[in-house]
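S.K.: Below is the sequence, then the predicted model.
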Number of protein chains: 2
Amino acid sequence: MDNFVSYNPTALHFGKGVIDKLSETIPQYGKRVLFVYGKGSVKRSGLYDKIMSQLLKSGMEVFEYEGIKPNPKVDDVDAAAVIGREKNVDVILAVGGGSVIDSAKIISITIPVNHSAWDFYTYRAKPKVSVPLIAVLTLAATGTEMNPFAVLQNEKTGRKDGYRSDLIFPRHSFLDPEVTYSVPANYTAYGISDLIAHCFENYFSKGDCSLSDRFIFSIINDAVEWGPKLMNNLCGYDERAAIMYDATMALNLLTSNGKDGGDWGVHGMGHILSLLYEVPHGASLSIVFPAWMKLHCERAGERISRLGKNIFGTSDVDETIASFEAFFEQIGSPVRLSQVGIGADKHEAIIHLWIRNKAEGGNFKLKEYDYRKLIELMA
Amino acid sequence: MDNFVSYNPTALHFGKGVIDKLSETIPQYGKRVLFVYGKGSVKRSGLYDKIMSQLLKSGMEVFEYEGIKPNPKVDDVDAAAVIGREKNVDVILAVGGGSVIDSAKIISITIPVNHSAWDFYTYRAKPKVSVPLIAVLTLAATGTEMNPFAVLQNEKTGRKDGYRSDLIFPRHSFLDPEVTYSVPANYTAYGISDLIAHCFENYFSKGDCSLSDRFIFSIINDAVEWGPKLMNNLCGYDERAAIMYDATMALNLLTSNGKDGGDWGVHGMGHILSLLYEVPHGASLSIVFPAWMKLHCERAGERISRLGKNIFGTSDVDETIASFEAFFEQIGSPVRLSQVGIGADKHEAIIHLWIRNKAEGGNFKLKEYDYRKLIELMA
């Protein structure tokens, strides 16, 4: 077991009606709040009105940044940080899915400085403080609600990268499964793929910790049990709750303890598909992962076999990979590039950015010839 | 799934040599440290000298409280708090097992007040602040290193009770498996029983959360895999590390999320055995739990069966209970009162305190006739 530090100070408020506690939580951090959200669904669903009335009732002064986009952009983060800086906000409230909360995390460290957020991503600058962040999650997928990670893309430089800092843990996150009832079937499925992919990334790490592997199997098994039930019942409370909790636990550092940080090559490759063709994050992962496992069916054979034994009751490597493919297809998450409209004419552009962005993985480091085999397997 | 709040701010530093980081961590909280430890093993093992030299090297002013006893007493806590108050300490360093760290937790909220620690246990007083606490764990068992619980006993009033407050989470806990090499076989085994019992208590709660149950099975399976290996190799790093990490995760709130807080009746009954006859905590649990399951083989039949299926591959209730009994015996933890020298002449005294202390459990509430059946089953 590798040495590790386990630290996660986020308070996770989970269950029916927890959003009503916002009005007692936010004022603990001050009066001036930057309210950050996306492009429409928060207003359509009525969540915006519900939260705004709580903010006003508790006497908060509210400044808004509306319009964070999927696959969030550094330009939005920089623009929101300007508002937060000018208005001297005490606290940030992020309401949305991974894109909104990831953006808000980086906004929280960009407000106190005088440069672009991207300087953190290029390690030209290091954050020293952050504005307290409170999150309300509307989509079960990325786990950002309880971790120190944030992914941004920079269209000028053609990069989509992850960033880690203990300063960007949300202080509180509010997760009401009922809020996710309105998430459409396709994004519900991509969320399930995303959480399972997070388990895979940590599972295929360099290190070895039997309990972390057992936790990984637990989360995957829970998602394999509840995922199809949820797809058949998008407004089922138990179904939404199970998947929402699975997604949080899949990437809140629990599963990486003692395992040396994960591989993350598939995420790197998936990010390129999102960057180039706006493929939803979870969909990109259900395309890349089965192909990645096929590529590694010898090198990671023992691990894939153990995974199969613990999830599907088979130790056969090919059968395990086929079972995951079938699972992703069953819930409605794509497993081939052709299913998201990416033809063979795009392969070179994809490989080019995989190489340039070093989307190779921390453990099973890929080379150019691996990329070429891989893209055939996912065509 | 019940609503829950998941919050655990302790930074857990796990692995070889982590204690060397004490000298950078402690000074963050101030210069004046109250160093709390037990009766001898910390000095015998050389750990005392190692830590003291780090404290002095980093310029700390050290005040000591030596002699915290197993099954810790409120008198020690009150006496240590007087020292902490008089010396105006900035931080507490607790080095030991559950008794020392539990005591230090209550010392941390007693220093700022002017009454006995026991007033917290009787809810006559409520803590408002705590002195920061840093723990070095020397025994894998109770999980206190990463939770908000502390158990104390009061010999004057004949009670042994648990207390919970978010103020008593250690800020940092340092867990080096090598430090536990010197723990003798019997206490090593009792620690394994203790951690498994913590899983049981949460498993037999009122609430239902499939992922928390899966995490519980993960921890028990890990302990069932590594426990016997450890008993055969008391200085094995991998073995010590696995059991040490299992014990932390078994009671750091992870396994109670969505499950309504656990039963804890067996702990209540075990505490009475410790209070009356100084039975080591973990040993008391391996005696009571199999009997408790036998008593509930119908009422909790489905749960015991599911437990058996996930741990031993059998759905048979009797076989499951017998397998756990055999496991406890295999590692050297007692499963009968007679094995710890408690004869039938003591039964009435035990039952008397079980009734008086309401050691009934939050879910499967026991009545007097249950106690009478139970004590026969554990005789």
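M.R.: Thanks, I have the structure now. Numbering: from 1, shown residues only, chains lettered A, B, ... in the order given.
S.K.: only C-alpha atoms for contact and neighbour calcs from this point on.
M.R.: Will do.
S.K.: Would you mind listing what in the stretch 1-150 of chain A touches chain B?
M.R.: Counting by Cα under 8 Å from any Cα of the partner chain, the residues of the stretch 1-150 of chain A close to chain B are A:1-16.
S.K.: quick one: which of these is nearest B:Ile219?
M.R.: Distance ranking of these against B:Ile219, using Cα to Cα, places A:Met1 first at 15.6 Å.
S.K.: can you pull the pLDDT of that closest one?
M.R.: For A:Met1, the pLDDT comes out at 92.
S.K.: State the number of residues packed around it.
M.R.: A:Met1 has 21 neighbouring residues, counting by other Cα atoms under 10 Å in any protein chain shown.
S.K.: swap in A:Glu368?
M.R.: Neighbours of A:Glu368 (other Cα under 10 Å): 13.
S.K.: Return the distance of it relative to chain B.
M.R.: Separation of A:Glu368 from chain B (Cα to the nearest Cα, to the nearest Å): 37 Å.
S.K.: what's the helix or strand for the nearest residue to that residue once chain neighbours are set aside?
M.R.: Nearest non-adjacent residue to A:Glu368, counting by Cα to Cα, 6 or more residues apart in numbering or on different chains: A:Ile355, 7.0 Å away. Element membership for A:Ile355 (DSSP states H and E) is helix A:347-356.
S.K.: Other residues contacting the following helix or strand past that helix?
M.R.: Sequence-wise, the next helix or strand downstream of helix A:347-356 (DSSP H and E) is helix A:368-377. Contact with helix A:368-377 is made by A:291-292, A:294-295, A:347, A:351, A:354-355, as judged by Cα atoms under 8 Å, 6 or more residues apart in numbering or on different chains.
S.K.: Show the average pLDDT along helix A:368-377.
M.R.: The model assigns helix A:368-377 a mean pLDDT of 96.
S.K.: Could I have the PyMOL command that selects the buried members from the contacts of helix A:368-377?
M.R.: Applying 16 or more other Cα atoms under 10 Å in any protein chain shown to the contacts of helix A:368-377, the buried members can be selected in PyMOL as follows:
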select buried, chain A and resi 291+292+294+295+347+351+354
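S.K.: For the contacts of helix A:368-377, give me CSV that also has distance to B:Glu319 and pLDDT.
M.R.: Output for the contacts of helix A:368-377, formatted as CSV (distance: Cα to Cα, whole Å; pLDDT from 0 to 100):
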residue, distance to B:Glu319, pLDDT
A:Ala291, 43, 98
A:Trp292, 42, 97
A:Lys294, 41, 97
A:Leu295, 43, 96
A:His347, 57, 97
A:Ile351, 56, 97
A:Trp354, 54, 95
A:Ile355, 56, 95
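S.K.: Now for the contacts of helix A:368-377: which two are most distant?
M.R.: Spatial extent of the contacts of helix A:368-377 (Cα to Cα) is set by the pair A:Lys294 and A:Ile355 at 20.0 Å.
S.K.: For A:Phe174, give me phi and psi.
M.R.: Per-residue torsions, A:Phe174: phi -110, psi 120 (degrees, to the nearest 10).
S.K.: Please apply the same query to A:His13.
M.R.: Main-chain torsions, A:His13, degrees, to the nearest 10: phi -100, psi 110.
S.K.: just A:Ser6 next, same as before
M.R.: Backbone torsions of A:Ser6, given as degrees, to the nearest 10, read phi -110, psi 120.
S.K.: Just give the number of residues close to it.
M.R.: Considering only other Cα under 10 Å, A:Ser6 is surrounded by 19 other residues.
S.K.: That one contacts A:Leu253, doesn't it?
M.R.: Yes: counting by Cα atoms under 8 Å, A:Leu253 is a contact partner of A:Ser6 at 7.3 Å.
S.K.: Show me which helix runs longest in chain A.
M.R.: Ordering each helix of chain A by length in residues (DSSP state H) puts helix A:210-231 first.
S.K.: what residue ranges in the stretch 101-250 of chain A are flagged as low confidence?
M.R.: For the stretch 101-250 of chain A, no stretch is flagged by pLDDT under 70.
S.K.: Now do the domain split for chain A, please.
M.R.: As given by automatic domain parsing, the domain ranges for chain A are A:11-179, A:185-377.
S.K.: Span of the last one from start to end?
M.R.: Translated: domain A:185-377. Domain A:185-377 has an end-to-end distance of 26 Å (criterion: Cα to Cα, to the nearest Å).
S.K.: Over to the first one?
M.R.: Taking Cα to Cα, domain A:11-179 runs 19 Å from one end to the other.
S.K.: centre of the chain versus it, how much separation?
M.R.: Relative to its chain's centre, domain A:11-179 lies at 14 Å (Cα atoms, centre = their mean, to the nearest Å).
S.K.: Please list the residues of the stretch 151-300 of chain A that sit near chain B.
M.R.: A:209-211, A:214-215, A:218-219, A:222, A:238, A:241-242, A:246.
S.K.: what packs against the helix or strand containing A:Leu275?
M.R.: Secondary structure from DSSP H and E places A:Leu275 in helix A:265-277. Contacts defined by 3 or more Cα pairs under 8 Å, 6 or more residues apart in numbering or on different chains; DSSP states H and E place helix A:265-277 against strand A:159-164, helix A:281-295, helix A:347-356.
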